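J.: Quick check, what structure comes out for this input:
(2 chains)
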Amino acid sequence: MAARGRHWLALWLVFLLAILGWVVARQTASLALARRLSQLRTEHAAKADLRARLEQRIREAESRAVLIPRAERLGLRLPVDSEIIILQVPKAEGH
Amino acid sequence: MAKPSVRLATVEVAFAIGVIAVIVRAGQVQLVDGARYAAQARESRTESVVLPARRGTIFDRAGVPLAVTQESYHLGLAPRELRDTDRDVQILAKQLGLSTREIRRALRKSWAYFDGPFTAAQVYPLRKIRGVHLTNDFVRFYPDPDLARAVLGRPAADGRPASGIERVFDSTLAGEPGSAVVLRDGQGRTIESPARLGAFPVAGEDVYLTLDAGVQEIAQRALGTAIQRLHAAGGDVVVLEPSTGEILAVASRRADGSPSTSAFTSVFEPGSTAKIFEAAALLQDHLVTSTDSVWGEHGVWKQPYREIHDDHPEGWMTLSNVIEVSSNIGAAKFAERLTPDQQFGMLRAFGLGTPTGVEFPAESRGRLPAPADWSGTTSASLAMGYEVAVTPLQLAAAYAAIANDGVLLQPTLIKEIRAPDGSVVYTHQPEPVRRVVSPDVAAHLRAMLRNVVDRGGTGASAALTTYSVAGKTGTARLAGPKGYLSGEYTAVFASIFPAEDPQLAMVVRLDDPRGGYAALTAAPVTRQVLEEILGARTEAIDRRRLSNEPPPAPPDQALIDAGTVPYVVQWPDTGAPAPAGPRPVPDVIGLSPREAVRRVLRVGLNARLEGLGTISRTRPAVGDSVKAGGVVVLYGRGGSR
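T.: Residues are numbered from 1 along each chain as shown, chains lettered A, B, ... in the order given. Next up is the predicted model:
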């Protein structure tokens, strides 16, 4: 009986340890995930930030304020309306 | 000495009392005060935080982002947690753009805080440093801060109220903030942990404006150049799509370069641009025929209370001639055929004196006196565009009604609103306000306006070679506290492009430009904007429809010979090939400024006006040779302004 009692006690202890280990493992995993998530968020924000700044630079480089003076230095100019030819789209035959 | 058994009993009793005391206290702590202590513990270890919602993006009509939301960071530093202070200070200084001295000074405290805000790219490498604690926030970022700045406005911040679209659509853009419970350590810093989420933040909706970033940039640049070149006090350019009421561009600027909201909020007397509304009333009520004429009095009409002058003296004029040469006398005489109710009704029908309903805060309603408040001269004044005040947007919407076969549409800045998942929440549909004139009358009005430009009327310097432009100049004297100011004008050009099958309605206004007349100031800006739009990659105009547009009719030679159409030239100098060779400065001494400028332009030279009144001298002098396209300065007798 005494041996059976010790077995029960050991079983309960193992069960308790298993439960505690499970809880600790879950907490550890969730903490690691939280850190990873936070890191990914920052990484995503950093990339979004970089993208916005690159788009800003592209728009600035494409802007008339930048392009026109550079074009003029190359001897180019904005066309007058008579120099802008809009091509007619040919109509499909039989329609 | 007591017996051992007594001593043992005493110890046992004392021990039992101690155990009972501990049990009682434990019971008190756990059962009686347990809830209070648990709450205190929760309070010190956790905190409820508001999770800010990402503010929606503002796009132009083609999806170009104009205002976006980005994450920004504030940085806390625990000096005692740093492992390699020297190395960490170097990294921090480099990433945050601060000096190492500044950071070392902050490290003397037990907790250093850098408010920033720092970008995600700046703080990303700092996350791995032990002792660095980041808190994030959202900030508004404008990829092109100068593009449509006044229209976009700014969200409320630091006690500054919100403005522009950011204000009108604040509840749409803002979204719903969420909430969560986070863990804190003993010093109150957040522990990275799975937060207990109360409610997810819901991002704001995205707003797509009707503005076209390309057209907006063209308008802003043309306006800025004109203000600088003409030393104007400010100005506006409004470009509308007549068939939908969508605003493609709104540029307003002061002389110091600061943006303004004057296109919506500032009123001015429209001058001769309002003559077309009088023509609309006469035509709509069949009070005039195409052959009806009035006597132009050769430029001066004396009335009991005042004299009305025309810059260009005329004889007999039809209504079309009155519009073409912008005759004040003709307009005043034709106005006599209208009753006050008819005249007022037509101006009101075009939207003057009432807010347009555009989605912009504090839009001005303008000013239009009711007939009961009219004096004996009001009818003639209204016919000439005085005693009435409009915003540039009101005038553009009224001209858009003429372009839209007589139907006035409510102008709008909003094309679409989309939820964060991309689904469309709202799409703008054209909102007719009323039919102002019949389609036939609208076509007649467009033909009159076309003559102003294509047949060498006052708007000739807005003419394009390939496409027809319809428009009207307006040069109104500026009003001061003691009446109209001498030599200070508002120059306006309201236009429709192309004259047939219109796609754009535009108003260019310049405040007190040097050179005065709209024909020489506002009309060339219109031409410049149209040329640049034609040559740009923008989809604001349908080029397929344009390719079917008939070219403008060549000027009628008979009219030119008769002196009605004195010039058709390009203005300002666009760089187009000009006739080669120098030419003499024509004799313009003693002529009116307008006539003098016409003569100078006619010989292929450009003109700049200095001073007022008839021309007293020129630089270079009359008869001197000037290279084709060169500038001749014309000095008025009234002295320099």
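J.: what stretches of chain B score poorly on pLDDT?
T.: In the predicted model of chain B, residues B:1, B:186-195, B:516, B:547-581, B:628-629, B:638-641 satisfy pLDDT under 70.
J.: Pull up the gap between the residue nearest the centre of it and B:Gly636, please.
T.: Closest to where the C-alpha atoms of chain B average out (CA atoms, centre = their mean) is B:Val250, at 3.5 Å. Going from B:Val250 to B:Gly636 by CB to CB, to the nearest Å gives 34 Å. C-beta coordinates here come from the backbone N, C-alpha and C atoms, glycine included.
J.: Just say helix, strand or coil for the residue nearest to the residue nearest to the centre of chain B when sequence neighbours are not counted.
T.: Ranked by CB to CB, 6 or more residues apart in numbering or on different chains and with sequence neighbours excluded, the top spatial neighbour of B:Val250 is B:Ala263, at 4.8 Å. In three-state terms, and counting by DSSP: H, G, I helix; E, B strand; the rest coil, B:Ala263 is helix.
J.: Now do the contacts for B:Ala263.
T.: Shown in contact with B:Ala263 (CB atoms under 8 Å, 6 or more residues apart in numbering or on different chains): B:236-238, B:250-252, B:391-393.
J.: which residues in chain A form helices?
T.: Here chain A has its helices, by DSSP state H, at A:2-62, A:64-73.
J.: closest to chain B out of those?
T.: Closest to chain B of the helices of chain A, according to CB to the nearest CB: helix A:2-62, at 3.4 Å.
J.: you'd agree B:Gly76 is up against B:Thr135?
T.: Yes. Counting by CB atoms under 8 Å, B:Gly76 touches B:Thr135, with 7.1 Å between them.
J.: anything in contact with each of these two?
T.: By CB under 8 Å, 6+ apart, no residue touches both B:Gly76 and B:Thr135.
J.: still on that earlier bit, do you know how far the residue nearest to B:Val250 is from chain A?
T.: As judged by CB to the nearest CB, to the nearest Å, B:Ala263 and chain A stand 21 Å apart.
J.: Kindly report the same for B:Thr46.
T.: To chain A, B:Thr46 is 15 Å away according to CB to the nearest CB.
J.: Could you chop chain B up by domain?
T.: Under the assignment automatic domain parsing, the domains of chain B span B:49-207, B:213-566, B:577-641.
J.: Return the most buried member of the ones you listed.
T.: Most buried of the domains of chain B, by mean neighbour count (mean count of other CB atoms under 10 Å in any protein chain shown): domain B:213-566, with a mean of 21.
J.: What segments of the stretch 401-550 of chain B are helices?
T.: Remark: helices assigned in the stretch 401-550 of chain B by DSSP state H, counting those that start in this stretch are B:439-454, B:522-535, B:543-546.
J.: a markdown table for these, including distance to chain A?
T.: Shown next, in a markdown table, are the helices of the stretch 401-550 of chain B (distance: least, CB to the nearest CB, whole Å):
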| stretch | distance to chain A |
| --- | --- |
| helix B:439-454 | 13 |
| helix B:522-535 | 5 |
| helix B:543-546 | 5 |
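J.: Output these in CSV; the columns should cover distance to B:Trp316.
T.: Output for the helices of the stretch 401-550 of chain B, formatted as CSV (distance: least, CB to CB, whole Å):
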stretch, distance to B:Trp316
helix B:439-454, 17
helix B:522-535, 26
helix B:543-546, 38
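J.: With that, I have no additional questions.
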